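**Q** this is a predicted model, with the sequence first.
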Amino acid sequence: AGVRGVRPGRRRRRGGGCPALRHLCGAAAKRLAGCRGQRQKTAAMVTVAQDASGSQGHNNNLVLGVAYLNVTLYALCYQMQSPVLPYLVEKLGDDLATEYAKMQVLFGVVQLCGGLVAGPLSDSLGAKVLLLLSFGASALCYGLTAVSTSMAGLYLSRVPTLLQHAVLAARAMVADYTDHKTRATKLGYIGLAYGLGFAVGPWFGGFVAEQFSLETAAWLACAGSMVSVGLVVILLPGGRPSQQGTKDGEKKQLSWKVFVDVTKHRHVFSLLVVKFIASVPSAMMRSIFALIAIEHFRMTPSTQGNVLS
């Protein structure tokens, strides 16, 4: 009241309004800062998720590429034996037709028994372990074939094929690292990879046997299988990816009951029957063709390999 030019009423209104205004401004500033912090946090989470997704996609592509490469090597090494094994039987055995037929029967029985355990092993130990077992068994089979000096050695070389199921393991690996939208396409590439090795293998095996020796082709197949073992150990991860609905590294327990229950399904049983009926003529043709090529057409390993390719 004693200051000139200042009205007391206006001074009192300003003095009473400042605390409320400061409170409102402070609350608004805190809310704005919280929104900015939340926005920055969300952006950071999106960036991390994108980086993780890109890294995971890159790792999945690497896994699939290694699986396809190993399937090609597997088919190449396996088919290298097609034009070579009959001539080894002729060299070491007394009767080509009888001995070769026995070997094919033994191989079929061993493969049948191995097929019954390969799937449960993949579920229990993982696809990577089954791949290692398959390529290790292949290397042992081809190595025993190369050092065999009698028919007993050739028969013994068929025993490790009990675990020779790399295609099944590769399919399990691809199924684990793909989603349901792309799984059928990625699984189809396994057939393409196997077909490549299937086409080149007989020609290469016959060429090596012709230029060097029958045993050299077996040794090269053994070396190729060991390369696959190294690729699996170094480049493929163990366990299963987390996006498949299980914890990383979690393994299913080996359960024969599940296997039996699946085979009891009428659609699965009919599929197995059709597969069996279709495979019998194919197996007969593989066995008879080698005998006809040697005894009637007098084909060399190189010529037979060219025909098979």
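**A** Now that the structure is in, tell me what you want to look at.
**Q** buried ones in stretch 257-269?
**A** Across stretch 257-269, burial judged by 16 or more other C-beta atoms under 10 Å covers no residue at all. Using the backbone N, CA and C atoms, a C-beta is placed for each residue, glycine as well.
**Q** if you could redo that for stretch 287-307, that was the one I meant.
**A** So stretch 287-307, judged by 16+ other C-beta under 10 Å, has buried residues 287, 290, 291, 293, 294, 299, 300, 301, 302, 304, 305.
**Q** so which of those sits lowest on pLDDT?
**A** pLDDT across the buried residues of stretch 287-307 is lowest for residue 287, at 78.
**Q** any chance you could map the helices in the stretch 101-250 of the chain?
**A** For the stretch 101-250 of the chain, applying DSSP state H, counting those that start in this stretch gives helices covering 127-147, 151-158, 166-176, 183-211, 214-235.
**Q** average pLDDT for the second one, rounded please.
**A** Translated: helix 151-158. 95.
**Q** list the buried residues for that helix?
**A** Going by neighbour count (16+ other C-beta under 10 Å), the buried part of helix 151-158 is 151, 154, 155, 157, 158.
**Q** repeat for the first one
**A** Taking 16+ other C-beta under 10 Å as the neighbour-count basis, helix 127-147 is seen to contain the buried residues 127-146.
**Q** related to what we said a few turns ago, can I get the buried residues of helix 151-158 in CSV including distance to residue 207?
**A** Shown next, in CSV, are those (distance: C-beta to C-beta, whole Å):
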residue, distance to residue 207
151, 26
154, 22
155, 27
157, 22
158, 24
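**Q** nearest to residue 213 among those residues?
**A** Using C-beta to C-beta, residue 154 comes nearest to residue 213 of the buried residues of helix 151-158, at 15.5 Å.
**Q** pretty sure that closest one contacts residue 87?
**A** No. Residue 154 lies out of contact with residue 87 (C-beta atoms under 8 Å); the separation is 11.6 Å.
**Q** which one, of the helices of the stretch 101-250 of the chain, ends up nearest to residue 113?
**A** Per C-beta to C-beta, nearest to residue 113 of the helices of the stretch 101-250 of the chain: helix 151-158, 11.7 Å.
**Q** and the angle from that closest one to helix 214-235?
**A** 20 degrees (axes from the mean of the first three to the mean of the last three C-alpha atoms, to 10 degrees).
**Q** other SSEs contacting helix 151-158?
**A** With contacts taken as 3 or more C-beta pairs under 8 Å, 6 or more residues apart in numbering; DSSP states H and E, helix 151-158 sits against helix 85-92, helix 96-125, helix 127-147.
**Q** tell me the mean pLDDT over the shortest one?
**A** Confidence over helix 85-92 (mean pLDDT, whole number) is 93.
**Q** any idea how far residue 134 is from residue 161?
**A** 10 Å (C-beta to C-beta, to the nearest Å).
**Q** check residue 235 too.
**A** Distance from residue 235 to residue 134, by C-beta to C-beta: 16 Å.
**Q** same thing with residue 106?
**A** For residue 106, the distance to residue 134 - C-beta to C-beta - is 19 Å.
**Q** same thing with residue 67?
**A** Taking C-beta to C-beta as the measure, residue 67 falls 12 Å from residue 134.
**Q** same check on residue 288?
**A** On the measure of C-beta to C-beta, residue 288 and residue 134 end up 28 Å apart.
**Q** ditto for residue 237
**A** Counting by C-beta to C-beta, the separation of residue 237 from residue 134 is 17 Å.
**Q** how about residue 125?
**A** 12 Å.
**Q** now swap in residue 297 and tell me
**A** Taken as C-beta to C-beta, the span from residue 297 to residue 134 is 34 Å.
**Q** just residue 86 next, same as before
**A** From residue 86 over to residue 134 the distance is 24 Å, taken as C-beta to C-beta.
**Q** how about residue 293?
**A** Distance, residue 293 to residue 134, using C-beta to C-beta: 29 Å.
**Q** this completes my enquiry, with thanks.
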